[in-house]
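Visitor: here is my input; please provide its structure:
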Amino acid sequence: MTPEAPTVFERCEVVGSKGRFVIEDACEDLIFYPRNSIEVESFKYLAGCAPSARPFKSRIGAWVDQIEAGVKYDEVNGSGEDGLKVQRIIEAAIKSWETHTIVDL
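Guide: Numbering: from 1, shown residues only. Next up, the predicted model:
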């Protein structure tokens, strides 16, 4: 009997001129496949997330901890500007899916 592959709830693949990266389960795994190399970079538990952790809860918790610690607004990990950039990427991905075209950012 072969082992069953782990369940992936979320997956995002992005392909560019220098390679491809895959993010799985919000922040648990990131794998980068460079175009001109067989070397693969792999990262586990990004942004402090751990297996079975609720990513949103851990992100919000980290933000609250920084605010309570008095971290300056421009030094908080994950600024409003970062959030806006991510939202633009999400909107472009949706538009690309709906129109079957490449959307430049």
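Visitor: for the longest helix anywhere in the chain, what is the distance to the chain centroid?
Guide: Across the chain, the longest stretch assigned as helix under DSSP state H is helix 80-99. Distance of helix 80-99 from its chain centroid, counting by CA atoms, centre = their mean, to the nearest Å, is 13 Å.
Visitor: what comes into contact with it?
Guide: The contact list for helix 80-99 (CB atoms under 8 Å, 6 or more residues apart in numbering) reads 101-103, 105. In short, each C-beta sits where N, CA and C put it, glycine included.
Visitor: what about 7 Å?
Guide: 102-103, 105 (CB atoms under 7 Å, 6 or more residues apart in numbering).
Visitor: could you pull out the helices in this protein for me?
Guide: 55-68, 80-99.
Visitor: any regions of the protein where pLDDT drops low?
Guide: 1-9, 26-27, 45-60, 79 (pLDDT under 70).
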